[in-house]
Structures are given as structure tokens and as C-alpha cells.
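Engineer: Structure of the sequence below:
(chains A and B)
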Protein chains: 2
Amino acid sequence: MVQVLNRGSSRVQRRSEARRTEILRAASRVFRRRGLAAAGMREIAEEADVSPGILYYYFSGKDEILLFCQERTLEHMLAAIEAARAVPASSAERLRGVLQAHVHAMLDELEGATAHLEVEALPEALRAPVMEKRDRYERAVRALVADGIKRGEFAKADAALVTRAMLGAVNWSARWFRPDGPQTSAAVAQSLSDYLVKGLLK
Amino acid sequence: MVQVLNRGSSRVQRRSEARRTEILRAASRVFRRRGLAAAGMREIAEEADVSPGILYYYFSGKDEILLFCQERTLEHMLAAIEAARAVPASSAERLRGVLQAHVHAMLDELEGATAHLEVEALPEALRAPVMEKRDRYERAVRALVADGIKRGEFAKADAALVTRAMLGAVNWSARWFRPDGPQTSAAVAQSLSDYLVKGLLK
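Structural biologist: Residues are numbered from 1 along each chain as shown, chains lettered A, B, ... in the order given. A predicted model of the protein is given here:
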């Protein structure tokens, strides 16, 4: 049902992908303005400046749009974990990198983050793959924290709880960040990750 | 429209207050189970084991129930700020106390927290008083952080950003905490506040 994001690189495919992304951004603006429950496919089509027929060609319905937003954000975040693991670095540096990528995933795709945070808005049948990815991501962040404790780089702590505190702090940024505000997402990512990792150090 | 929580202490008033609280808890369970949008007054009445007539005697509708949940939680949190200010203590101790009270407000009234977090679910006309209290609370926490920096007790930091990070981390606890899980809310409050304040210290 959901098409895979990277299906190759032919020109047609790239154009189709760009169109999907445009539609997702438009949908996310509607979600944000109207709330997930009240947003309708007709309004999303208008916002994306496409006909309803074109919209339904790309997405079978609102639930698929939501699912796609959530999966895409989580895939970005899982990729950041892989990248952090691949470089030789301290646990603090790795964790800062992951948290910064997480902040960027939340804020640079700000409209998408709204949908990302509301997994309950998905019909139950569609939640499982999103929950599975989300759990996988949380476990991977927790493993980075536990590893830092084991190496003696971080103070002893409840890795599960601290991980949830960190993820809560970065997820919450989507609630208050304003793209036209005084700080860039990069500045927020830097300050948040510095503060959150500092609380772990010995 | 919304009646004041503490209207005196006569027996009739206390009983009425207890009944209102019971209804709010029942409503919150329904919100949690069904989502805010899908929850109906009939279902809330059934959950609270009262007739629809009794329910409407206490609350004019779902919006008033939501408003009441949100205002009550924020009043608890504002009272904790006042309490922290009233005692001679370090900034770290004060902030830990406030964050612990915040965690308790989120977790001990777990069902209520769901409604508390969804200010967007209120009709726009009802949001203003809740937003005003929420802003007042955030400003007060930020002032505690700024005061600790001024005293030289905390390292230099962006007080506004750090405050939002802390509030995000504690608000998020309502998403993952399970009353039947391995940790008490008191243990979570302690660990979270220790971690979040530690990131501020020099």
C-alpha cells in the first residue's frame, strides 16, 4: 500500500517523489491548521494545488499520508543512529549527533512533525510498523546511553528513563519552535543536545 | 461558566467537589481510551456511573470538562512554584522541587494529563485562559533558571531554551509512564528532576 521512498533515480521517479513530498508538506500544513481529525482530502488537494484525482493517485487516503509522514521521519532518525555508530567517537559526541539529527527531523520538516507525534491518530491496523520503528529507535538511543555509562564516560543513571527524558525534550521542540523565530533549527539542535548530554556526564 | 474549585468547605460543597473530581477522572479515562475527538458525553456518563442529567448538572459539555482538567493541572503547578519561592533554598533545590511537582501533576492524575496536553482540542474561545496560565508557569520556571545562572550556581545557558527542554521532558512522561509499571511516579519525579537539573550545574 505505501510505496517505498527511494525507488530508483530515473527522472520520472524523481519527479514523482518530489510531487509526493510536496503533497506531504501541504497535508502537514492542513493538519497543523485544522487538526488531524478535521483535515480532509479535499482541503489537502487544494493546499497542494492538485486535483483530488492526482491526490488519490499518490495516496489512498488521509491515513496513508499520516503513515507516510511518520515512517519517513523515523527512517531519518534511524539513519542518524547508524551514522553515529559508524564513526569512532566518544559516547557524548555520538549522542549529541543523534539528538541533533532528531531535532532537525522534527523542526526542518516542522509540519510533518505534527503528524509524527500523533501515532494514535492512525487506525490501529496501521500503527504496528510505526510503533516497531519507534521502539527500535528508542532502544538504539538507550544503547548509546548505556554504552557511555559502561565506558565510564557517563555517570551511573537509569538509561531507559534518561533516554525518555531526552526524547521528550527534543520531541517537544516541535510544539514551541517557530521557523520565523529568533533561532535557527541548527542553533536549537546544538543547545538542546549540549544541555541534554551534559546531564549525563560524570 | 466554569465553577471555582475551592468554593468553601461545607459538607455539601465538599461532596459536590468530590463528585466533580470523580467525573473528571472518568472522563479522562474515556479520553484516553477513545481519543479526545471521539469521546462523547454519554460514554463519560456511563464511565462515571451517573445519569446524563447529573453529568450535565456538573459540566455543560465536553469542552468544559477539558477546560477544567487543564486549568486544574496548571493551578497545581503554579502553586508548586509559589511553594518553591517561599523557602530559602538553592536554585537547584527549588527547581528540583518544581519539576517533581510537575511530574506528579502529570502522572498522579495520569488520565487528566492527556487532556492537559491537548490545548488545541479546546475551542479557540476557551483557550485564552489556559494559554495565559501556561505562559505564566513557563515564565516562572524560566525565572528560576535565570536566577540560578545569575547567582552563579548554574552555568551560563539559554534559560528559555533549557526551560522548554525541561518542560518537554516532564510533559512527555505522561506518554510513557504506566501506573502498573516497575517505577512509582515519585521515583520518576526524583530521577527526572535530578537529571534535568544536573545539566544546568557548573
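Engineer: What's the mean pLDDT across the helix or strand containing A:R32?
Structural biologist: Assigning secondary structure by DSSP states H and E places A:R32 in helix A:11-34. Per-region confidence: helix A:11-34 scores 85 on mean pLDDT.
Engineer: how far does that helix sit from the chain's center?
Structural biologist: On the basis of C-alpha atoms, centre = their mean, to the nearest Å, helix A:11-34 sits 16 Å off its chain's mean C-alpha point.
Engineer: now swap in stretch A:186-197 and tell me
Structural biologist: The chain centroid and the centroid of stretch A:186-197 are separated by 17 Å under C-alpha atoms, centre = their mean.
Engineer: Tell me, what's the model's pLDDT at the spatially most central residue of chain A?
Structural biologist: When C-alpha atoms, centre = their mean is applied to chain A, the residue found nearest the centroid is A:T73 (3.2 Å). A:T73 is assigned 83 on the pLDDT scale.
Engineer: So it sits against A:A105, correct?
Structural biologist: Yes. Between A:T73 and A:A105 there is a contact at 5.3 Å, judged by C-beta atoms under 8 Å. In this view, the C-beta of every residue, glycine as well, is placed from N, C-alpha and C.
Engineer: next SSE after the helix or strand of chain A with the lowest mean pLDDT?
Structural biologist: Lowest on mean pLDDT, DSSP states H and E among the helices and strands of chain A sits helix A:110-117, with a mean of 62. Downstream of helix A:110-117, the first helix or strand assigned by DSSP H and E is helix A:124-150.
Engineer: Which SSE is immediately downstream of that next one?
Structural biologist: Following helix A:124-150 in sequence order, the next helix or strand is helix A:159-176 (DSSP H and E).
Engineer: Is it correct that A:R134 is in contact with A:V119?
Structural biologist: Yes. In this structure, A:R134 is within contact of A:V119 by C-beta under 8 Å, at 7.2 Å.
Engineer: The two: who's more crowded?
Structural biologist: A:R134 (19 against 16; other C-beta atoms under 10 Å in any protein chain shown).
Engineer: list the contacts for that one?
Structural biologist: A:74, A:119 (C-beta atoms under 8 Å, 6 or more residues apart in numbering or on different chains).
Engineer: And it, how far from A:R42?
Structural biologist: According to C-beta to C-beta, to the nearest Å, A:R134 and A:R42 sit 30 Å apart.
Engineer: How many residues are close by A:R25?
Structural biologist: Neighbours of A:R25 using other C-beta under 10 Å come to 16.
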